[in-house]
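Student: here is a sequence together with a model predicted from it:
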Amino acid sequence: MRLFAISDLHLGHRINRAALAEIGPHPDDWLILAGDVGETFAHLRLALGHLAPRFARVIWVPGNHELWARAAGDAPPLRGVARYAHLVSICREHDVLTPEDPFPLWPGPGPLRVIAPLFLLYDYSFRPDSVTAEAAVRGASEDGVVGTDEILLDPEPFASRTAWCHARVREAEARLAALPADARAVLVNHWPLRRDLAHTPRIPRFSVWCGTRLTEDWHQRYRADLVVSGHLHMRHTRWRDDVRFEEVSLGYPRQWNRHRPVESYLRLLL
């Protein structure tokens with residue numbers, strides 16, 4: 001029994017859809033899908049329809065792309081919380097766990113571990129202390145970096161994406177604080193939990209759309225063995241305070257080697 005993870009499948013791209021079809025059976029293994037499967041409900045159904053029957057358990061968290069509402073996109077034309085709720089309902093059709101379900105216990109060997117799928121968003125706080133959120137977004141735009149979320153990710157009924165983020169953080173804190181005192185955690189979120197791990201050298205100003213400082217110490221506070229994220233399209237393993245942080249993106253077609261089997265991009269966690 002093994003635990004794998006991958007994120008940022010971006011099934012809007014034909015090449016990535018073809019790669020998805022190459023993932024074979026893993027009847028004894030679990031798979032984490034850490035967000036950005038695609039931009040439409042059809043993309044999510046395609047991914048889960050292929051992967052859920054091939055793994056013993058699939059766990060999904062949303063990324064920003066799943067939350068986009070396009071003018072000519074899905075029916076029903078849902079936004080914000082209602083859109084997220086519909087994504088959760090699609091997962092339940094395929095018996096896939098989400099941040100709205102009880103945290104599952106990892107049944108493999110080792111200490112008691114709880115896998116905690118999270119949906120936390122971002123609050124523009126991955127920026128210098130001397131710069132306001134508004135100035136950070138404006139400065140990014142002046143440098144030619146425009147977060148598509150500003151146009152397509154509607155936080156309805158929340159007043160802002162920041163307000164939605166903070167509500168999600170409070171809810172997750174309460175659930176994580178209730179974990180058994182002897183349990184270790186595997187924290188899963190699309191966006192990085194730490195600002196120092198949201199470094200994107202080619203587009204440094206993009207960091208404001210990458211997470212919240214409210215989670216910087218969660219790997220210690222909630223006794224994490226592993227922290228899993230995507231979003232950056234920069235696969236890596238990092239260690240902080242003896243905790244392993246895994247960025248598990250596949251990415252856009254130009255960002256992965258199509259001469260390698262796509263299964264080699266499934267990151268082995270446990």
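Tutor: Received it, and whenever you're ready, just let me know what you need.
Student: hey, let's count contacts and neighbours off CA atoms from now on
Tutor: Fine.
Student: which residue comes closest to residue 38 once chain neighbours are left out?
Tutor: The shortest distance from residue 38 to any non-neighbouring residue, by CA to CA, 6 or more residues apart in numbering, is to residue 10 (4.5 Å).
Student: what helix or strand is that neighbour on?
Tutor: According to DSSP states H and E, residue 10 maps onto no helix or strand at all.
Student: spit out the contact partners of it.
Tutor: Residue 10 is in contact with 16, 36, 37, 38, 39, 251, 252, counting by CA atoms under 8 Å, 6 or more residues apart in numbering.
Student: quick check: residue 6 touching residue 36?
Tutor: No: with contacts defined as CA atoms under 8 Å, residue 6 does not count as touching residue 36, sitting 10.0 Å away.
Student: and stretch 85-100, how far out from the chain middle?
Tutor: Computed by CA atoms, centre = their mean, to the nearest Å, the chain-centroid distance of stretch 85-100 equals 14 Å.
Student: please save the CA atoms from it in PDB.
Tutor: Output in PDB follows, covering the C-alpha atoms of stretch 85-100 (Å, rounded to 0.1, in the frame of the first residue of the first chain):
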ATOM      1  CA  ALA A  85     -20.100  22.900  -3.500                       C
ATOM      2  CA  HIS A  86     -20.900  21.600  -6.900                       C
ATOM      3  CA  LEU A  87     -17.300  20.400  -7.300                       C
ATOM      4  CA  VAL A  88     -17.600  18.600  -4.000                       C
ATOM      5  CA  SER A  89     -20.900  16.900  -5.200                       C
ATOM      6  CA  ILE A  90     -19.000  15.600  -8.300                       C
ATOM      7  CA  CYS A  91     -16.400  14.100  -6.100                       C
ATOM      8  CA  ARG A  92     -19.000  12.400  -4.000                       C
ATOM      9  CA  GLU A  93     -20.500  10.900  -7.200                       C
ATOM     10  CA  HIS A  94     -17.200   9.100  -7.600                       C
ATOM     11  CA  ASP A  95     -16.600   8.300  -3.900                       C
ATOM     12  CA  VAL A  96     -13.700  10.700  -3.800                       C
ATOM     13  CA  LEU A  97     -12.900  12.400  -0.500                       C
ATOM     14  CA  THR A  98     -12.800  16.300  -0.200                       C
ATOM     15  CA  PRO A  99     -12.100  18.900   2.400                       C
ATOM     16  CA  GLU A 100     -15.800  18.600   3.400                       C
END
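Student: run through the stretch 101-250 of the chain and note the low-pLDDT ranges.
Tutor: By pLDDT under 70, the stretch 101-250 of the chain has no low-scoring segment.
Student: so which residues of it form strands?
Tutor: Secondary structure of the stretch 101-250 of the chain (DSSP state E, counting those that start in this stretch): strands located at 113-117, 184-188, 224-229, 236-240, 243-247.
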